[in-house]
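S.K.: fold the following, please.
(2 chains, ligands or ions: 2)
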Amino acid sequence: MELLKKYPKLFQWFFLLIVFFALCFAIDVPETYKFIRGQAEFIKDPNQSTYTLFGKEVRYYAFDVLWRLPPLLGWLPIWVNDSLFFLLNEWMPMEFWNEDLQEYKTRPLVLQITRNITALMTFLIELIREILLGGVKTVVAFTSWDWIDKNPWAELPGLPWTIVAAGAVILGYKLSGKGLAIFAGLVMVYISVFGQWKPSMQTLSFILVAAPLSFIFGLTLGVMAYKSKRVEKALYPLLLVMQTMPQYAVLVPAMVLFGIGDHAAVIITMVVAIPPMILLTLLGLRAVSPEVIEAGKMSGCNNWQLMTKVLIPTARRDILIGVNQVIMVCFSMAVIAAFIGAKGLGWNLLLALNQLNIGLALEAGLCISMIAILLDKMSLAWANKQEDYFGNLTFFQRYKNTLFFAGAVLIGIILSYVGSFYLKDGYNYLYEVPHNKGISTAAFWNKGVDWIWDTFFQTLKIFNTWLITEVLQPMRALYLRMPAVATVVLVVGAGYIIGGIRSALVTAGLVLFIALSPWWDRALVTTYMATFGVIASCTIGLTVGTLCQQNKYTTKFMLAVCDIFQTFPSFVYLIPVMMLFGVTDTSVLIAVIVYATIPATRYTIEGLRSVPPALHDAASMSGVTKFQRLINIEFPIAFPHMMLGVNQTIVFALFMVIIGAFIGTEDLGQYILKALSDKAGGGKGLILGICVAFIALIFDNLIRTWVQKRKKHLGID
Amino acid sequence: MADAVIKCDSVYKIFGANAKKMLQEANGNVDAKTFQENGCIVGVNNASFEVSKGEMLVVMGLSGSGKSTLLRCISRLTDATDGKIYIEGQDLLSLKNKELIELRRNKMGMVFQSFALLPHKTVLENIAFPLQIKGIKTEDSINKALDMVKLVGLEGRENYFPRELSGGQQQRVGIARSLAVEPDIWFLDEPFSALDPLIRKEMQDEFLRLQEKLKKTIMFITHDFDEALKLADRIAIMKDGIIEQLDTPARIVLNPATEYVKKFTEEVPREKVLKIEDVMEKPNKENLSDLKVSKDEIIENVAEKILTQEKSVAVTDESNKIVGTVRPSKIIHTVFGGRKNNS
Ligand SMILES: Nc1ncnc2c1ncn2[C@@H]1O[C@H](COP(=O)(O)OP(=O)(O)OP(=O)(O)O)[C@@H](O)[C@H]1O
Ligand SMILES: [Mg+2]
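M.R.: Ligands and ions are numbered 1, 2, ... in the order given. Now for the predicted structure:
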């Protein structure tokens, strides 16, 4: 009884668990129940029940309501689809001037808008792409095909790779000095020598459009949300969902609206990259101290100056994190968007993975990752750049970078010109090393994979089989064995205990949406994989983070490692695991664990680091050992921050589980992937994505509420 | 007064959603308690005063008494709920946004309690900031900023970032920044509170030295009575948004207008406030010592000299005419007597 009085929550949790297990045992598995592989909407099975809502017929397998709720939201995807179709093809037809046909045509408004956006994006991408690689489309856009036929000289030749490389080196030097210049040079030479030039430049042109646009839109919207409470309120729920929505899921509706190709990829990338930018901008602006704003006003700033010269620069740290996120997302999407036809490295990577050519995939993946790290470092350096007012610069010093670049252009042109004489019959390597004509290490890697398979086949296989039969399958069965009602009670009860009525209502809304969708079973499978990943990641992250935190240098090192790993596009993680474990669930789970360990480690380190040093000393003075101090003082104080890390870990894990569908899983992700190739998949993809987002949001809500209370209790914040 | 630079005429500032309406209903009789019960917080309550050219007005009061709010009203960082404010005869509240910006760019400077430096700019850039905002050429503004750096004694640290400076140094930057546009009116909101006593004293001396040179019209907020005495021409004492008394330091100490002011000034060492003229007697025929003191001396500064005398000391005015006498016993009484425990 003493114990209960001391910890009333403990009793509540205990009670909740009893209720949960009682429900689990009381509600039997229906005899007809099996994990359904097909999709209810397509199979006509006499055993199915149907209901009709808004004129949409929904078919499903009916079970005891306590076991599985009927999919009352099953009409939603169909309805979303029809609405999209209606918007695109029938709503508000209007007259538009058609350039090509030189006449007015009737077109629905939304279709016209999407076509205009498409044209703009395509133009921008082509422009950059043709500067880098050469081509005619940009010139044609201003003139016509006939004109270019008559004037073939106007075709953009594309820059020789030497010039681009020199440009990158000079830019790196200008932004941050020798280190970055050398790195830029290495990356460029690597790309070229390994024959990845063309796809790299394609990817780069895609990113050079998507990243700045995302940055500008994100910043603008963030500023607007900062200035107006109403904008913020309207944006906030959208941002929350978008932040937790797997990137795959956005592909499908965007494909419906914008078709396939690079332009659609850019638009999707923006949709994914803008929300974190908005959030971080808002966060940063909010944190600017009111006195700094007043100081700006007293200096005579008008509103524009106040925003651009005081607020935004002062909020720079958070905005920079936003930029970093934008770049990360862009590269991540560069691969994922290949599913809807984005050209470049991502496409090659997917292709190679599909053919199980691990070596090629590795090369492409390395390329993407290196460009990602380079751009990340450059953007950081750019933002941190300081102006020098003292230098009494000569003309040469002032314009030396421009001069160097001009020189590089000249030399580059001469080189490629000379090259065209000497390397007449083969390829002009001084102009561009063609794709797959550079040095390739693919064969080496593939041999390596073979060797690993030959040598460790037995060990790997034993491990694999053991994991699948002894751990994964039982765990999955347990998850599927949970009656819907019991799960809902568990989640809502947890919400109530942690955050009171409000949290209970929010979590109830989220979990019911999933339970009433046609994909409850898939959601359970997704959750089981994510759970496994999160538990493993947190264990590893906590251990590694704590160990590294004991020493200043290892801390720094680990954070740097986290930084670099975070810059890798998520898809890249699939390469090495497929190398080792082939196409199995194990591969997916290991990718999940590796990927999700990053935030777990980072937040552990940051949390432990935030423990005030005064407390350390106080503890040491009272004579505790290092270990006791860790257990009794540092962990409790760092715990709230570490829980935020767990939150991130969950989001990361879910993302990777969904991406794992590419290897072959049976969860929500697989359905999203299927929706991609389904003509009427738009609605389905969206709702599936929302389901995944909601899984993440349930945990997000619980953890955040708990952290807030705990922080208040500990008096931090 | 003809040369009033700042003039406030029953200024009110009340925070809260329906502040305006409540103020109208109260009809000038604002009571902080009733307002608070209705969800409004009274920041400034019926403030009327003038500050003339070259004068330094020090505003004092406990935390939350509305000092900063008053200053914000006069610099129009917040809009006063009611009342009139004139800056050099211009009606501040009727200024358009553009005119207000012009006014701030040319006439006003402000120093903040927590320094409020721009973290991404160096010392030099911070100081040059108001100039660059005005649209002055980079080279000129940097030159001007370099002068300012010299003025506040930060040579050699032009390229440091605020985070690399100590509190005192940061506040010097704040002061230099506020002076860069050569404002006529200078607002200082607890500029030295965040500094430790030694540095504070140093900064006060420097501040006085600057003011001697620059002769600006100043409103200065502080918690610290010693600081107020050291700097002020006049002191305003605020409580719950009301200016309880506004007068010279000596008169505030000698004739506190309200109970609150009396309590507030009880602990103040009189010898630091009062001048000889405040304690002298009519000249009479008695035997005087050889010592003569000016009537404008602060007692503290001459007390030791007077106390070495046995006879009364003659008090002179500017033209060295004897205008009164002061007895050593009177000094003893002023310094040690008259306080609450031994009067
Ligand atoms: N923006 C605001 N909204 C609501 N109330 C405010 C606001 N700013 C100040 N107040 C209130 O107005 C009153 C006066 O505040 P002010 O900042 O002027 O005090 P102060 O005398 O400067 O105190 P301190 O010495 O602590 O700086 C306080 O009760 C404060 O809570
Ligand atoms: Mg204040």
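S.K.: contact residues of chain B facing chain A?
M.R.: Neighbours of chain A within chain B, by CB under 8 Å from any CB of the partner chain: B:72, B:75, B:77, B:97-98, B:101-102, B:104-106, B:108-110, B:112-122, B:124-125, B:129-130, B:133-134, B:138, B:142, B:159, B:174, B:177-178, B:181, B:187. Yep, even glycine has a C-beta here, placed from its N, CA and C like the rest.
S.K.: looking at these, which are in helices?
M.R.: Residues of the residues of chain B next to chain A located in helices (DSSP state H): B:72, B:97-98, B:101-102, B:104-106, B:124-125, B:129-130, B:133-134, B:138, B:142, B:174, B:177-178.
S.K.: from those, keep the buried residues only.
M.R.: B:72, B:101, B:104-105, B:124-125, B:129-130, B:133-134, B:142, B:174, B:177-178 (16 or more other CB atoms under 10 Å in any protein chain shown).
S.K.: how about the contacts made by whichever residue of the stretch 1-150 of chain B sits closest to chain A?
M.R.: Going by CB to the nearest CB, chain A is nearest to residue B:105 of the stretch 1-150 of chain B, at 3.3 Å. For residue B:105, the contacting residues are A:299-300, B:130, B:133-134, B:181, by CB atoms under 8 Å, 6 or more residues apart in numbering or on different chains.
S.K.: which single one of the residues you listed is nearest to ligand 1?
M.R.: residue A:299 (20.7 Å; CB to the nearest ligand atom).
S.K.: that closest one: neighbour count?
M.R.: By other CB atoms under 10 Å in any protein chain shown, 29 other residues sit near residue A:299.
S.K.: next: residue B:87.
M.R.: With other CB under 10 Å as criterion, residue B:87 counts 21.
S.K.: next: residue A:341.
M.R.: For residue A:341, using other CB under 10 Å, the count is 15.
S.K.: try residue A:713
M.R.: With other CB under 10 Å as criterion, residue A:713 counts 9.
S.K.: buried stuff in stretch B:173-190?
M.R.: B:173-181, B:183-190.
S.K.: what of stretch B:140-159?
M.R.: Buried-residue list, stretch B:140-159, by 16+ other CB under 10 Å: B:141-142, B:144-146, B:148-149, B:151-152, B:154, B:157-158.
S.K.: can you get me the start-to-end distance on it?
M.R.: 17 Å (CA to CA, to the nearest Å).
S.K.: how far off centre is that stretch?
M.R.: 26 Å (CA atoms, centre = their mean, to the nearest Å).
S.K.: next: stretch A:71-86.
M.R.: 26 Å.
S.K.: just the buried residues of stretch B:140-159 now: which is nearest ligand 1?
M.R.: Nearest member of these to ligand 1, counting by CB to the nearest ligand atom, is residue B:152, at 23.8 Å.
S.K.: which residues touch residue A:326?
M.R.: A:211, A:214-215, A:218, A:273, A:276-277.
S.K.: can you give me the strands for the stretch 151-300 of chain B?
M.R.: Per DSSP state E, counting those that start in this stretch, the stretch 151-300 of chain B carries strands over the ranges B:185-189, B:217-221, B:234-239, B:242-247, B:288-294.
S.K.: and the longest one, which residues are buried?
M.R.: What it means is strand B:288-294. Per 16+ other CB under 10 Å, strand B:288-294 contains these buried residues: B:288, B:293.
S.K.: how near is the closest residue to residue A:687 other than its chain neighbours to chain B?
M.R.: Closest residue to residue A:687 apart from its sequence neighbours, by CB to CB, 6 or more residues apart in numbering or on different chains: residue A:77 at 4.6 Å. The gap separating residue A:77 from chain B is 45 Å, by CB to the nearest CB, to the nearest Å.
S.K.: for residue A:77, grab the count of nearby residues.
M.R.: Neighbour tally, residue A:77, other CB under 10 Å: 26.
S.K.: mind checking the SS state of it?
M.R.: Following DSSP: H, G, I helix; E, B strand; the rest coil, residue A:77 is assigned to helix.
S.K.: residues in contact with the residue nearest the centre of chain A?
M.R.: The centroid of chain A falls nearest to residue A:329 when counting by CA atoms, centre = their mean (4.8 Å). The neighbourhood of residue A:329, defined by CB under 8 Å, 6+ apart, consists of A:214, A:247, A:269, A:272-273, A:276.
S.K.: what's the spacing between it and residue B:60?
M.R.: 54 Å (CB to CB, to the nearest Å).
S.K.: whichever residue of the stretch 1-150 of chain A sits closest to chain B sits in which helix or strand?
M.R.: Closest approach between the stretch 1-150 of chain A and chain B, counting by CB to the nearest CB: residue A:128, at 30.2 Å. Assigned by DSSP states H and E, residue A:128 belongs to helix A:109-133.
S.K.: list the buried residues in that helix.
M.R.: Of all the residues in helix A:109-133, those buried under the rule 16+ other CB under 10 Å are A:110-112, A:114, A:117-118, A:121-122, A:124-133.
S.K.: check stretch B:156-171 too.
M.R.: B:157-158, B:160-162, B:165, B:167-171.
S.K.: residues touching the closest residue to residue A:288 other than its chain neighbours, list them.
M.R.: The shortest distance from residue A:288 to any non-neighbouring residue, by CB to CB, 6+ apart, is to residue A:314 (4.8 Å). Counting by CB under 8 Å, 6+ apart, residue A:314 makes contact with A:288, A:292, B:118-120.
S.K.: with respect to residue A:207, which of those residues is nearest?
M.R.: residue B:120 (26.6 Å; CB to CB).
S.K.: the inter-axis angle of the longest helix seen in chain B versus strand B:217-221?
M.R.: Among the segments of chain B that qualify as a helix by DSSP H, the longest is helix B:197-214. Comparing the axes of helix B:197-214 and strand B:217-221 via axes from the mean of the first three to the mean of the last three CA atoms, to 10 degrees yields an angle of 160 degrees.
S.K.: shaky segments in the stretch 1-150 of chain A?
M.R.: Scanning the stretch 1-150 of chain A for pLDDT under 70 picks out the ranges A:1, A:4, A:35-45, A:99-101, A:134-145, A:147-148.
S.K.: all strands of it, in order?
M.R.: A:49-53, A:56-60, A:93-98, A:103-108.
S.K.: ok, the first one: who's next to it in the sheet?
M.R.: Partners of strand A:49-53 in the sheet, by DSSP bridges, are strand A:56-60 (antiparallel).
S.K.: what about stretch B:245-259, average pLDDT?
M.R.: Regarding stretch B:245-259, the rounded mean pLDDT is 87.
S.K.: correction: the previous question concerned stretch B:80-97.
M.R.: 90.
S.K.: got the buried residues for stretch A:220-230?
M.R.: Buried-residue list, stretch A:220-230, by 16+ other CB under 10 Å: A:221-226.
S.K.: ditto for stretch B:231-245
M.R.: Quick answer for stretch B:231-245 (16+ other CB under 10 Å): B:231-232, B:234-245.
S.K.: would you mind giving the residues you listed as TSV with distance to residue A:539 added?
M.R.: TSV is the format used below for the buried residues of stretch B:231-245 (distance: CB to CB, whole Å):
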residue	distance to residue A:539
B:231	63
B:232	65
B:234	69
B:235	65
B:236	64
B:237	63
B:238	59
B:239	60
B:240	58
B:241	58
B:242	63
B:243	64
B:244	65
B:245	68
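S.K.: quick one: contacts for residue B:262?
M.R.: Shown in contact with residue B:262 (CB under 8 Å, 6+ apart): residue B:256.
S.K.: once you drop chain neighbours, what's closest to the residue most central in space within chain B?
M.R.: Residue closest to the average C-alpha location in chain B (CA atoms, centre = their mean): residue B:58, at 2.2 Å. Distance criterion CB to CB, 6+ apart; nearest residue to residue B:58, sequence neighbours excluded, is residue B:232 at 3.9 Å.
S.K.: that neighbour and residue B:51 touch, don't they?
M.R.: No - Residue B:232 is beyond contact range of residue B:51, at 11.5 Å (criterion: CB atoms under 8 Å).
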